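[1] What would the 3D arrangement of this be:
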Amino acid sequence: MQNGIEEALESLSKEWKIDPAIRDFMLGRRGDASDFQVRVNDVVFHIPYLSDGAWYVLWKCYWPDCHNCCNRQGRLPLTSSDLLTISRGLKYDKVSDFVKKETNTNTWEERGPGGNPIIMTMINLKRKADEAEAEDGTHIKCRFLDGNGYCSLHPSRPGVCYLYPFSSWLENEGGRARVHATFQFTGDCPGFYCGKSVDEMGNVLEDYSKTIYDYTMKSSRTARENFGHVSMG
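    Numbering: from 1, shown residues only. A predicted model of the protein is given here:
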C-alpha cells in the first residue's frame, strides 16, 4: 500500500507542489501524528494532528484545475439509492438490467484510524465499459469524466463521489450508531495542506457532514437489503 501511495505522490508532484510534511505523513514517516476528533452535526471527523509544529492535516478542493479523483479512480461502490438514480439516468427500464450490464460486485479491506479492518463487499459501478472484477482497486480513468473535467452523470453520480476525499463508517456507541469520517490518503489529491486550526475548513466540514451522514446511512441500509456488506473487526 505504501509503495502505491509513494508512486501516486511522485506522479502528483510533477504537476503540484506537495508539502514535505504531508508527504512524510502519508508515507508513515512521522511519529508525531495523532487523531484529533471533532463532531460536526451528526458526524465525528477524525483529523490528523502533527504535534511537531502543531499542524492539522487539512484539505481544500482544486477543481476544476484538478480532477485526479476521477482520473485515478479506484472503485465506485453503489448504495441502493445510487442503483435507482443512476439506472434511471442511464435510461434503464429495469434496475436489474443496469446491475447486470454496468456493475461488478467486489470485496476489499479498508482501515479506520485505529487500524481496525473494515471488510467491504458492495456493488460497484464499472469505471470502464469492459471493466473486469480483477481490476477492482486499480487506478482507472472514469468513463463518465469528459474532456473538460466534468462528470457526465452529474447530478446522478454515485454518492461516494460526493463523499470524496472522505471515507466513512459506523460505530456502535452506547447502542446508537454513530457516523465517523476521515480522509482518504491515496496520494492522488493535491488538496491536503498543514493548517494551524481545524476552523480553517469549518465550512467544508459543515457542508460535508450532511453528505457523509446521508451516504453512510444509505450504505448501511444497502447492506441490510443484501446489496452489499460491511463488517468491522
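[2] S219 reaches T79, doesn't it?
    Yes. Under the criterion of C-beta atoms under 8 Å, S219 makes contact with T79 at 5.4 Å. (Glycine included, C-beta is placed from N, CA and C.)
[3] So what touches the longest helix seen in the chain?
    The single longest helix within the chain, with elements called by DSSP state H, is helix 202-224. Outside helix 202-224, the residues that touch it by C-beta atoms under 8 Å, 6 or more residues apart in numbering are 38, 40-43, 45, 59-60, 77-82, 122, 159-160, 162-163, 166, 168-170, 177, 179, 181, 198, 228-230.
[4] of those residues, buried ones?
    With burial judged by 16 or more other C-beta atoms under 10 Å, the buried subset of these is 40, 43, 45, 59, 77-82, 122, 159-160, 163, 166, 168-170, 179, 181, 198, 228, 230.
[5] picking up where we left off before, among the contacts of helix 202-224, name the ones in strands.
    Under the assignment DSSP state E, the contacts of helix 202-224 contribute 38, 40, 43, 45, 59, 122, 166, 168-170, 177, 179, 181, 228-230 to strands.
[6] wait, which of those is closest to G28?
    Nearest to G28 among those is W59, at 18.7 Å by C-beta to C-beta.
[7] Looking at the closest one now. What's its pLDDT?
    Predicted confidence (pLDDT) at W59: the value is 97.
[8] now L170
    L170 is assigned 86 on the pLDDT scale.
[9] What residues are bridge-paired with the closest residue to it other than its chain neighbours?
    Closest residue in space to L170, ignoring its immediate chain neighbours: A177 at 4.9 Å, by C-beta to C-beta, 6 or more residues apart in numbering. Applying DSSP bridges to A177 gives these bridge partners: N172.
[10] Just the pLDDT for A177.
    At A177, the pLDDT value in this model is 82.
[11] just for this protein, where's the confidence low?
    1-2, 110-117, 220-233 (pLDDT under 70).
[12] Quick check: S152 vs V160, distance?
    Remark: distance between S152 and V160 (C-beta to C-beta, to the nearest Å) = 17 Å.
[13] and the residue of the chain positioned farthest from its centre, helix, strand or coil?
    The outermost residue of the chain relative to its centre, with distances by C-alpha atoms, centre = their mean, is D93 at 29.4 Å. Classification of D93 using DSSP: H, G, I helix; E, B strand; the rest coil returns coil.
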